Structure formats: C-alpha cells, structure tokens
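[1] have a look at this prediction, sequence included:
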Amino acid sequence: MLPRGAIVTGMDLELRDRVILVVGGTGLVGSAVVRRLRAEGATAVVASRRTEDGVVMDATDDASVRSAVDRVLDEHGRVDGLVVTAAPAAQTLDPARHADPAQVLEAFDTKSLAFLRVAGAVLPVMSAAGFGRIVGVSGQNAFQTGSIAGSVRNAALIVIAKNLADAAAGTGVTVNAVSPGIVSEDASSAVERGSSGQCTPEQVADLIAFLLSPRTASISGESLAVGHRRRGATGL
C-alpha cells in the first residue's frame, strides 16, 4: 500500500505547462491541489489574501480579483485552468446563527459569490482561447439540512457552476463542482448512516486534477462528491 499523501502518476493528464490559477492555494485543500498539479508538470499559480508564492487576491473584492487575473495574464500569457477553494472553514460558521440572515449572506458572499467573481473574470479569456477548465470546491453540506448558512453557500456554488457550464457549452470550456465531505489528513474509511464520508486533501486534489485535464472535455456542469456521498440519501 502506498503511504498516505503519495502522488501516483500513470495516465498522462496532459497538464504539463498548463497555467492553472488556484484560488485559496495556501489552504488545506488548495495546497494539496498545488502540489498535485506541479507533480503533473503544470504551472500552478497560488492566489491568496496573503502569499509569497503567487498573486495576492481577495476573492470577495471585484477589483482585487481583476488585478490578480491581469497579473497572471501579464506573466504567463494565458489561464488554462481555475480552481477556487477559497472560503472560510465550515467550523467558522456559528451554529447558533445558522439561520441568521447576516451570517447566511456573509457565507454566500465569501464562498458562492467568490467563485462566481473569479470564474467570471477568467471565462472570457478561456472562451477566446477555445479551452479552459474551471473547478469550484463546494461541500456535502449542500445535500443536508441543519445549517442554512452551510447549505446555502455550498448549494449555491453548485448551481452557479451548472449555470456557467451551460453558458460555456460548445466553447471548449468546462465548469464543474467538487463536494468533499469532512476533509482530514487522517480520514476514516468508515461511513455512518446519515453522514458523508471523509476524505484526505490529496483525494480531493486527485479528482480536481482529473477535471482540469484536456481529457475531460465531455464532463461539464457536474457536481461530484469526494468521500462517500451522504449515506442513506439520494438525489438526482
């Protein structure tokens, strides 16, 4: 058995020299995505509010998003892929305020609209080039109740991704969402009934890297769970 965190190569994902912007690239999932992409030979550009390895971006601010994307274009000449993992951790949501409109609005802005802002900034460039891959990281809270703020911010991202995918159909640009369960370096393989499965950052990164590949031209508008999708529930 391979050690946890090992990067396996085999099928060529054709990512070598592709320029891929990873928003939230210093976080738990984002940093795993950056490592995976660089192992594939891609140019992974980290975007974060604070980073010394990439570009500074506040995904809640239109001007900051535009400035960061322009800098990537100035330095690399193109953007072949976009991954948006940036969002406050679910643990930062106050359970006592899960139905508070102010918290719901903030959660929506910092995750769903953050994805929309950055995707909207790169889509014209990708469409003009005839190629692009966009992946937004949602979460399995989208599929369950108990936290309006948690459900809305994740479900809305999936809906936004589907709308963008449909608008981009036929242009060579795909847009998909990835919905992890609990992400942990020490993820358990057990899946309790009524719960979603756990997954490691590397497992999330593996799926994202696949969706960024030119080989996945026929996959767009999808929402894919990482870790077992909530056990005991179904949805079409």
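    Structure's in. What do you need? Residues are numbered from 1 along each chain as shown.
[2] low-confidence ranges, the chain, go.
    Applying pLDDT under 70 to the chain picks out residues 1-10, 188, 194-195, 197, 230, 232-236.
[3] what ranges do the strands span in the protein?
    Using DSSP state E, the strands of the chain run over 19-23, 43-48, 54-56, 81-84, 132-137, 173-180, 223-226.
[4] can you pull the buried residues of the longest helix along the chain?
    Longest helix in the chain by number of residues, with DSSP state H as the criterion: helix 148-167. For helix 148-167, burial by neighbour count (16 or more other CB atoms under 10 Å) applies to 148-158, 160-162, 164-165. Every residue, glycine included, has its C-beta placed from N, CA and C.
[5] what's the closest of those to V72?
    Of all the buried residues of helix 148-167, L164 has the smallest distance to V72: 19.1 Å, by CB to CB.
[6] chain neighbours aside, what residue packs nearest to the closest one?
    Distances taken as CB to CB, 6 or more residues apart in numbering place V175 nearest to L164, at 4.5 Å, with adjacent residues excluded.
[7] how many residues are close by the one you found?
    When neighbours are defined as other CB atoms under 10 Å, V175 has 28 of them.
[8] look up how far A161 lies from it.
    Distance of V175 to A161, given as CB to CB, to the nearest Å: 5 Å.
[9] over to E192?
    28 Å.
[10] swap in I182?
    Applying CB to CB to I182 and A161 gives a distance of 21 Å.
[11] V45 now?
    With CB to CB as the criterion, V45 and A161 are 21 Å apart.
[12] mind giving me the packing neighbours of the longest helix of the chain?
    Helix 148-167 sits against helix 101-107, helix 114-129, strand 132-137, strand 173-180, strand 223-226, with contacts defined as 3 or more CB pairs under 8 Å, 6 or more residues apart in numbering; DSSP states H and E.
[13] just to check, S138 is in contact with L157?
    Yes - contact between S138 and L157 holds when scored by CB atoms under 8 Å: they sit 4.5 Å apart.
[14] mutual contacts of the two, please.
    Counting by CB atoms under 8 Å, 6 or more residues apart in numbering, the common neighbours of S138 and L157 are A177.
[15] gap between the two ends of stretch 157-176?
    Counting by CA to CA, to the nearest Å, you get 10 Å between the two ends of stretch 157-176.
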